[in-house]
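**Q** quick one: sequence and predicted model below, then my questions.
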Amino acid sequence: LKISHPFVNKIGRELKKAGLVMEVSDKSDKRKRIIMLNEKGHELVKQLQPVWNDIQLTIREILIKQNNDLFEQIRQFEQSLSEDGLYDNYYRRIRERQFEEIKIHTNNPDHFPYFKSLNIEWLEAYFKVEEKDTYLLDNPQQIIDNGGYIFTAELNGQILGTCSLIQYKKNRYELGKMGVTEAARGLQIGKKLGETAVKKAKKLKAKELVLESNNSLKPALNLYKQLGFNFLKKSPFGKPSVSRADVFMSYDLK
């Protein structure tokens, strides 16, 4: 490996300071020390293994694009890194894996408390809880009984986001009551929930899929546009269903 003995000692000291290794004597030579991972170190390896795999696959993906000439491979590899960057390719792969790890549950009564708490969290952070909010959040089963759906998103064993499809007229649905806990924003949970709701509406052969939002919620509006929603000039319900609604959108299901 061309690593000096002092450098190995330095790494060993740092790992020991971090509480990741333990030292034992070599039974065949008392002058030698054997450094090995302890329980905490092995646990960290398990956590880092997916990261190392992603880095390995990212490099392999770049190399596969090249031909068999070694020097040309090196040149093209460097060019690929200058164009996209190892970090950008690695980050893209991390995002893809993370997205796949998000598990969506549908109409799970055990998750109804999360449906309420996650929505209350963001409503109280940005607006106020209105009468219609309270009614829907207190009666999730009624949304389902009326032909709607409640989705919850699970990541690493935690319920971190939710949304619903509310049937407000026969075969016409509203994408509503979407909330993601603040600590989990940026993990694509809203995207996974939104895609799930859109796919469900298509499967139901819905005639209409609409939503209400607020102009101040820029990340949410960007997400809706990415999902394929377009802006409407006025509320699809005749008038806004809640006072905070000043943006209206619909999805072309044709």
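**A** Right, received. Where do you want to start? Numbering: from 1, shown residues only.

**Q** the helix or strand hosting Lys200: how far from the chain's middle?
**A** Using DSSP states H and E, the element containing Lys200 is helix 189-203. Centroid separation for helix 189-203 versus its chain: 14 Å, with CA atoms, centre = their mean, to the nearest Å.

**Q** quick one: contacts of the helix or strand just after it?
**A** Proceeding N to C from helix 189-203, the next assigned helix or strand is strand 208-213, under DSSP H and E. Contacts of strand 208-213 from elsewhere in the structure, counted by CB atoms under 8 Å, 6 or more residues apart in numbering, are 165, 169, 171-176, 197-198, 201, 220-221, 224, 229, 232, 235-237, 240-242, 245, 247-251, 253. Every residue, glycine included, has its C-beta placed from N, CA and C.

**Q** just the residues contacting the helix or strand that strand 208-213 is followed by, thanks.
**A** Moving toward the C-terminus from strand 208-213, the next helix or strand (DSSP H and E) is helix 218-227. Taking contacts as CB under 8 Å, 6+ apart, the residues outside helix 218-227 that touch it are 178, 185, 190-191, 194-195, 198, 211, 213, 215, 247, 249, 251.

**Q** secondary structure element for Pro113?
**A** The secondary structure element spanning Pro113 is helix 112-126 (assigned by DSSP H and E).

**Q** quick check: buried residues in the following helix or strand past that helix?
**A** Reading on from helix 112-126 to the C-terminus, the next helix or strand found by DSSP H and E is helix 131-138. Of the residues in helix 131-138, Asp133, Leu136, Leu137 count as buried by neighbour count, 16 or more other CB atoms under 10 Å.

**Q** possible to save those as TSV with distance to Val45 and pLDDT?
**A** Supplementary listing: those in TSV, determined by distance: CB to CB, whole Å; pLDDT from 0 to 100:
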residue	distance to Val45	pLDDT
Asp133	46	94
Leu136	46	94
Leu137	43	96
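
**Q** look up phi and psi at the closest residue to Glu174 other than its chain neighbours.
**A** If you skip the residues right next to it in sequence, Glu174 has Ile166 as its closest partner in space, 4.5 Å away by CB to CB, 6 or more residues apart in numbering. Main-chain dihedrals, Ile166, degrees, to the nearest 10: phi -110, psi 120.

**Q** okay, now Ile166: neighbour count?
**A** Ile166 is surrounded by 23 other residues when neighbours are defined as other CB atoms under 10 Å.
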